Every structure is written in C-alpha cells, then in structure tokens.
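Enquirer: sequence isn't available, so here's the structure alone:
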C-alpha cells in the first residue's frame, strides 16, 4: 500500500482558486452567448480544467516524495598484495577508491560526524565513511602515503589484547597516534576478536553477558590508555556477529556498533546494528562498488528474525521486514541469497520471503529496489544470518 501524505497540498489549494475563478467567469458569461455555444464552451472548459489538474497536482505530488539519504560506510581490513585476498585491497586499489570519491564529489565524514547527521534526521546526499578493522600493521606500512595525500577521516577498529600478544602483526600505539594526524580515529573491536555470541561450556546467559561486558569495557580502557586520551564509543563486532542481548548491552554503554551486513547507514538503522559495505577482494572493483557507494538506505521499521544467530536445525527461515514505501515500487524489489535471485511477497508495507538451504556459517540476504526519484540509484537492505553446527560453532 502506497503511503499517502496528509500534509496540506499547496498545488491543490491553488487549483481550487483557479477553478473557482474560471467557473465564476463561465457563469457570468453564460447568459450573454447562444445556447449551443454555451454547451460547447462548457465541455471545452471541463477538459481544460482536467488537464490543469493533471499538470498542477501531479508534479507537485511527485516533488513531495522524499529520498532517504544516508551514509555509506566502507569496510576494509588489510592493505597489501601479500595478505589474504578475501580481506585485502592493494594500495593502488585503495587510492583508486579515494580518487573516485574525490572525483565524484563525495563528502567523506568521520563516524562522529555521520552519527550527528543521522541523529539530526537531515542527512545530505553523497556521504561516505571509511573504516579499517583489526589494526593490521600493513594498514600503516602500505596505506600511510595514501592517507597523507587525501587527509580523509577514517576509523581503525583495534583489538588491544591481540596488539599486546602479537605486536609484529599489528600497529603500535605510536603508529596509531601518528595516523591520528592524518585523519584517523581509533575505536573498539573487542579485546581479542573472539566470536562474541559463543558461550563456554556450562556458562549461563548472565555469565556470558557479564564476560562480554568486561571484554568490551576493558578494550575501551586499554585503547584510551594507549592513545593517551578519551576515544569515541564506536564498536565493530568481530566477524560482524551479534545478537539482541549484545546489541542492547552496547547501547546501555553508549556505543554505536557496526556489523558486516551491507547497506547504507540511515535514520532507520538501529544504532547497534549499523551496516557496512565490504570493499576488499572482489568487492574492491569500482564497476560494482560505485553502485553501492551511490546506494540509498531502505527505510525499514522492523525485521524478523531479530536474532541473526539461528538454531542448528534451522536450514530455512522466513524473513519479514516492514518498509516505508515512498520512493520505490514494491513490485520492483529483488532479493539475493547464495547466488539465487527472487522477489518478496508483500502484505501492505511488509515484505516477506523464505530462504532455504542455509549453510553452516555466516551468510546474508541482500534486497535492492530502484529509486523513483533518482535514476540509476538503488535502495539497499541486508539481513545477516549465521547457522551453527551441532556443537553450536561455525568457521571464522
């Protein structure tokens, strides 16, 4: 069902005035011309008024459609050509991404600036934020010159315990402080990059949640001590995995938390489930990445299931989400999962569909639909899923 605006329509009001004046003139002149001419004139006026209504009201209603802009958050890990390709970009690829943003007039903002704009509800178009997970040393070694040239703000999510355990793999606090002068913010990626939803044998939910709380807060304290100052409360879930209890815990401690499901960050995005687009490996290709950078956040009010972590026996799941339909046609939405493309069913403003043959491990459903007001651009929404094995675990 299409949303209907209840705001006063200035075009309709003006049209009423025009029609009123036209009819008054017609009646005034009606007694001064032959009857046959009066009938022909009346028919002509009715046709003309109908055309005026189409011309005056139609465009005004189209102009009232509001495009939902957001912030496209790009996610990187390694910078190098000798690191796992699945999580890597080369320095040349990263520079090509930065050059594309500059050439096409994108405004690169920090996560703090993005958060303020999202909270205001007034989000300008063409906003991008840059993030790097894990704090690998190759980000400093291979990315420093690129960061110096562009001076874009960016965020590095670090694991303080891993930095202490294997310092040869990760940036030092001194290197991170140096990167601050070229636009970096340093943020929390947990202490040791564990699967945060996993419970230990015999561990209650309360014990598990207390352990996660300690890990998150200890990591925040360590990174603030390492950086020598208070750091913003941004958190990136290791592997992009979370559940409702973790999300609620982070909100209680004033964190904004980021996953690894794709889509722009919009005003309807839950603050502990902010999406990001991966920009490494096959996703580094600007032929496809450019479409994602230009994407719009699908305004989704609610989604089921609320927990991305399914039961082992769940090899299929029904997904439902309620979207605000204003700038797209529901019938044009396409969803993609494990190489399959399908169209959801709709009931009023709620889309629903079932995905089957869910593999053990992480996966996600991506749904896109073209914007009516901005040609060539798509609304984008992603639903992350993870299915455990019989032991309640899954691969990294």
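Expert: Yes, it's here. Note that the coordinates shown come from a computational prediction; the quantities given were computed from them, not determined experimentally.

Enquirer: nearest spatial neighbour of the residue nearest to the spatial centre of the chain, chain-adjacent residues omitted?
Expert: Within the chain, one residue has its C-alpha closest to the average C-alpha position: by C-alpha atoms, centre = their mean, that is residue 264, at 2.1 Å. In space, residue 264 comes closest to residue 70 once its chain neighbours are excluded; the distance is 3.6 Å by C-beta to C-beta, 6 or more residues apart in numbering. (Each C-beta comes from the backbone N, C-alpha and C, glycine too.)

Enquirer: one more: residue 328?
Expert: The spatial neighbour of residue 328 that comes closest, neighbours along the chain excluded (C-beta to C-beta, 6+ apart), is residue 369 at 4.5 Å.

Enquirer: which residue ranges of the stretch 101-250 of the chain form strands?
Expert: Across the stretch 101-250 of the chain, reading from the start of the chain, the strands by DSSP state E, counting those that start in this stretch fall at 107-108, 127-134, 154-158, 184-188, 234-236.

Enquirer: can you say which of those is nearest to residue 268?
Expert: Taking C-beta to C-beta as the measure, the strands of the stretch 101-250 of the chain were each checked against residue 268, and strand 127-134 came out nearest at 15.8 Å.

Enquirer: hang on, the earlier thing: the residue nearest to residue 264 contacts residue 274, doesn't it?
Expert: No. Residue 70 is not in contact with residue 274 according to C-beta atoms under 8 Å; the separation is 10.1 Å.

Enquirer: overlap of the contact sets of the two?
Expert: Taking C-beta atoms under 8 Å, 6 or more residues apart in numbering as the contact criterion, the residues that touch both residue 70 and residue 274 are residue 265.

Enquirer: what stretches of the stretch 1-150 of the chain score poorly on pLDDT?
Expert: Scanning the stretch 1-150 of the chain for pLDDT under 70 picks out the ranges 1-66.

Enquirer: please repeat the previous calculation with a cut-off of 50.
Expert: Where the stretch 1-150 of the chain drops to pLDDT under 50, the residues are 1-64.

Enquirer: quick one: the helices in it?
Expert: 10-30, 35-63, 91-103, 111-120, 137-150 (DSSP state H, counting those that start in this stretch).

Enquirer: if I look at the nearest residue to residue 158 once chain neighbours are set aside, how far off is residue 333?
Expert: In space, and not counting its chain neighbours, residue 158 is closest to residue 135: 3.8 Å by C-beta to C-beta, 6+ apart. Computed with C-beta to C-beta, to the nearest Å, the distance linking residue 135 and residue 333 is 38 Å.

Enquirer: what of residue 303?
Expert: 14 Å.

Enquirer: do residue 246 as well
Expert: To residue 333, residue 246 is 29 Å away according to C-beta to C-beta.

Enquirer: hmm, back to that, the residue nearest to residue 158: neighbour count?
Expert: Counted with other C-beta atoms under 10 Å, residues neighbouring residue 135 total 26.

Enquirer: roughly how far apart are it and residue 73?
Expert: Noted for residue 135: a distance of 17 Å to residue 73, by C-beta to C-beta.

Enquirer: now swap in residue 211 and tell me
Expert: As judged by C-beta to C-beta, residue 211 and residue 73 stand 28 Å apart.

Enquirer: give me the more crowded residue out of the two.
Expert: Applying other C-beta under 10 Å to residue 211 and residue 73 shows that residue 73 carries more neighbours, namely 25 against 15.

Enquirer: what's opposite that one in the beta bridge?
Expert: In this structure, residue 73 has beta-bridge partners residue 129, where bridges are defined by DSSP bridges.

Enquirer: ok, now residue 363?
Expert: Beta bridges link residue 363 to residue 385, judged by DSSP bridges.

Enquirer: that one against residue 385, yeah?
Expert: Yes. Residue 363 is within contact range of residue 385, at 5.1 Å (criterion: C-beta under 8 Å).

Enquirer: and residue 272, how many neighbours?
Expert: For residue 272, the number of neighbouring residues by other C-beta under 10 Å comes to 21.

Enquirer: what about the closest residue to it other than its chain neighbours, distance to residue 212?
Expert: Using C-beta to C-beta, 6+ apart and skipping residues adjacent in sequence, the residue nearest residue 272 is residue 247, 3.7 Å away. Applying C-beta to C-beta, the value for residue 247 to residue 212 is 11 Å.

Enquirer: which ones are touching residue 170?
Expert: Here residue 170 is in contact with 134-137, 158-159, 162-163 (criterion: C-beta under 8 Å, 6+ apart).

Enquirer: so what's the residue nearest to residue 272 up against?
Expert: When the contact criterion is C-beta under 8 Å, 6+ apart, the partners of residue 247 are 257, 270, 272-273.

Enquirer: now, which of those sits nearest residue 326?
Expert: For residue 326, the nearest member of these is residue 270. The distance, counting by C-beta to C-beta, is 20.3 Å.

Enquirer: number of residues surrounding the closest one?
Expert: By the other C-beta under 10 Å criterion, the neighbourhood of residue 270 contains 15 residues.

Enquirer: over to the one 3 residues further on?
Expert: When neighbours are defined as other C-beta under 10 Å, residue 273 has 20 of them.

Enquirer: over to residue 392?
Expert: Residue neighbour count, defined by other C-beta under 10 Å, stands at 12 for residue 392.

Enquirer: that one against residue 198, yeah?
Expert: Yes. With contact defined as C-beta under 8 Å, residue 392 and residue 198 form a contacting pair (7.1 Å).

Enquirer: find residues that contact each of the two.
Expert: Between them, residue 392 and residue 198 have no joint contacts when contacts are counted by C-beta under 8 Å, 6+ apart.
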